[in-house]
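Novice: sequence unknown, structure follows:
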Ligand SMILES: [Zn+2]
């Protein structure tokens, strides 16, 4: 029988995208399966669902070994290359960080691990390179053991799902952490696949009005699941009357997502998808906070279980000071064109995810593919980012809509502004803030301070302030050329002042002057900023540039922007950098 899964809210669509990835992966590995991507639905058959637990874990296992385990092996190979007396320290560090000894011991390699630790002691004592070579071989063979690789993969998959998606449920329960891959598949089959297959069969017999087959199917069914018990009960009550059976079935609460299957007392709460349940900031307006019951069927439970395959993992490297879990985000693009487009766009984001600015590249891609309707396309896109830590009940959930003005900014100006920023941290952070519609001033001031401190040139600051000013201008429907001109003039004026100070042997004053201006601008103190500038021009007997007067009387550009751009010019060596007007 064919089963259709229809597009819905973003978290559900994430599951559908995950399901397609899992199915495509199985197909690539030679499984004989068919599925159809309809306009707004995914269609699969019950035969495929019957094996889905295998496809599911194989997908995550292969993704892990391909992308993560390879890093452990690479690191070890690096270590192997330089065999000297210091290597032993590195090996100890490797074991400590990869937990190889612990994982191997849990998979039945206790004696090998013990031997390994003994050899380490020996090598540390006699610094013997031959023994060291033996040690290397022992570690290498452990790293090749299937059970060990499986342990790494499952530990990784489990913790990702546990923290960010489902918390403690089914195969994710703590007590099951040392179970094998096959055992995980079996638990998933029992909890998710088996009950769903029963629902699908019953639905099929009902559609065919075939009560005889339905009875013999249910009589043979040995399961103790809620739905099996209920169906058997309805059958008994129906006394072989299809209408009565249907009536009992309809008395159930139907799934609030698909409305196709009954829920059998199952509720969609935070344990089904914990980000929506425990997220402190954004989830409060979600509907299930107001409605206490949110019934869900076995099919939709399976769809949501695929959500971890629907996302791309995004390491926000610029948040280096944060705890590791706060840096790793799971991201998804939602749109409501059609399923194929939804899938393709998520594939494209996933491919770009290891770059510094995946969202930006994704946006630029759309802009290049479809010039005419690109702004419309962008406006219909929603980026969702989240992460969590189940134990401490902490989580983040962010939605990013690309407004019309952000779309226009990227289309018209990103190449001549943000693309020219050389510092990858600054660039990534700015793009993030732009998409989240947050103020860019804080980031720019922090980076400006760093530039002054490190004697770095201010070109990056110039392009950052220009981005900010253009975004604002587009938003306020101002004159974009005028704004571009002013930001440039402020920068150029700063550079001129620098040249003057250098010529008059006052180069050593530049950084203290820049600091003073930065500190007044940062707190929005126009008066002190202007006092400093005024004194500067009076002492130099140069004419006060018009840009400073305009700054306070015209509204299409703000004081902070001009201040930042002027200071950026002040710290920029002309020979070092050429700023494009
Ligand atoms: Zn459902």
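Specialist: Looks like it came in fine. Predicted model only: the values in this text are computed from it and were never measured.

Novice: hey, let's count contacts and neighbours off CA atoms from now on
Specialist: Noted.

Novice: Spit out the contact partners of the closest residue to the ion within the stretch 401-550 of the chain.
Specialist: Closest contact between the stretch 401-550 of the chain and the ion, by Cα to the ion, is at residue 401 (27.6 Å). Taking Cα atoms under 8 Å, 6 or more residues apart in numbering, we find residue 401 in contact with 379, 380, 381, 382, 383, 435, 436.

Novice: In strands, which of these appear?
Specialist: The strands, defined by DSSP state E, take in 382, 383 from the contacts of residue 401.

Novice: Which of the contacts of residue 401 sits closest to residue 495?
Specialist: Among the contacts of residue 401, residue 435 lies closest to residue 495 (Cα to Cα), at 31.4 Å.

Novice: For the closest residue to the closest one other than its chain neighbours, give me its contacts.
Specialist: Among residues not flanking residue 435 along the chain, residue 400 sits closest, at 5.9 Å (Cα to Cα, 6 or more residues apart in numbering). For residue 400, the contact set (Cα under 8 Å, 6+ apart) comprises 382, 383, 384, 435, 436.

Novice: do the same with residue 266
Specialist: Counted by Cα under 8 Å, 6+ apart, residue 266 has contacts 295, 296, 297.

Novice: Isn't the first one up against residue 256?
Specialist: Yes - proximity of residue 295 to residue 256 meets the contact threshold set by Cα atoms under 8 Å, at 5.5 Å.

Novice: Name the SS class of the residue nearest to residue 435, please.
Specialist: Secondary structure, DSSP: H, G, I helix; E, B strand; the rest coil: residue 400 is strand.

Novice: Write down the beta-bridge partners of it, one by one.
Specialist: residue 383 (DSSP bridges).

Novice: Let me see the confidence value for it.
Specialist: We have a pLDDT of 89 for residue 400.

Novice: distance of it from the ion?
Specialist: Remark: distance between residue 400 and the ion (Cα to the ion, to the nearest Å) = 27 Å.

Novice: So that residue versus residue 319, what's the distance?
Specialist: For residue 400, the distance to residue 319 equals 18 Å [Cα to Cα, to the nearest Å].

Novice: What is the burial count for residue 7?
Specialist: 22 (other Cα atoms under 10 Å).

Novice: got it, and residue 471?
Specialist: 21.

Novice: Surely it and residue 411 touch.
Specialist: No - Residue 471 lies out of contact with residue 411 (Cα under 8 Å); the separation is 11.5 Å.

Novice: Now the helix or strand containing residue 113: buried residues?
Specialist: For residue 113, the element it lies in under DSSP states H and E is helix 110-126. Buried residues in helix 110-126, counted by 16 or more other Cα atoms under 10 Å: 112, 113, 116, 119, 120, 123.

Novice: repeat for stretch 320-333
Specialist: Applying 16+ other Cα under 10 Å to stretch 320-333 flags 326, 327, 328, 329, 330, 331, 332, 333 as buried.

Novice: In TSV, list those along with pLDDT, secondary structure and distance to the ion.
Specialist: Putting the buried residues of stretch 320-333 into TSV (pLDDT from 0 to 100; DSSP: H, G, I helix; E, B strand; the rest coil; distance: Cα to the ion, whole Å) gives the following:
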residue	pLDDT	secondary structure	distance to the ion
326	79	helix	32
327	84	helix	33
328	88	strand	30
329	91	strand	27
330	94	strand	24
331	95	strand	24
332	96	strand	21
333	95	strand	22
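
Novice: Identify the farthest-apart pair in those residues.
Specialist: Top of the distance list for the buried residues of stretch 320-333 (Cα to Cα): 326 and 333, 19.7 Å.

Novice: circling back: scan the contacts of residue 401 and report the most crowded one.
Specialist: Highest neighbour count within the contacts of residue 401: residue 381, with 20 neighbours (other Cα under 10 Å).

Novice: What is the subsequent helix or strand relative to the lowest-mean-pLDDT helix or strand in the chain?
Specialist: The weakest-scoring helix or strand in the chain, judged by mean pLDDT, DSSP states H and E, is helix 274-278 (a mean of 62). Later in the chain than helix 274-278, the nearest helix or strand by DSSP H and E is helix 298-305.

Novice: ok so, going back, could you report the separation of the residue of the stretch 401-550 of the chain closest to the ion from residue 15?
Specialist: Distance from residue 401 to residue 15, by Cα to Cα: 20 Å.

Novice: Please report how far the closest residue to residue 98 other than its chain neighbours lies from the ion.
Specialist: Distances taken as Cα to Cα, 6+ apart place residue 72 nearest to residue 98, at 7.4 Å, with adjacent residues excluded. Distance from residue 72 to the ion, counting by Cα to the ion: 40 Å.

Novice: State the helix or strand in which residue 72 lies.
Specialist: Assigned by DSSP H and E, residue 72 falls within helix 70-81.

Novice: Surely residue 37 touches residue 342?
Specialist: No - here residue 37 lies out of contact with residue 342, judged by Cα under 8 Å, at a distance of 10.6 Å.

Novice: Tell me which of these two has more neighbours.
Specialist: More crowded of residue 37 and residue 342, by other Cα under 10 Å: residue 342, with 22 against 16.
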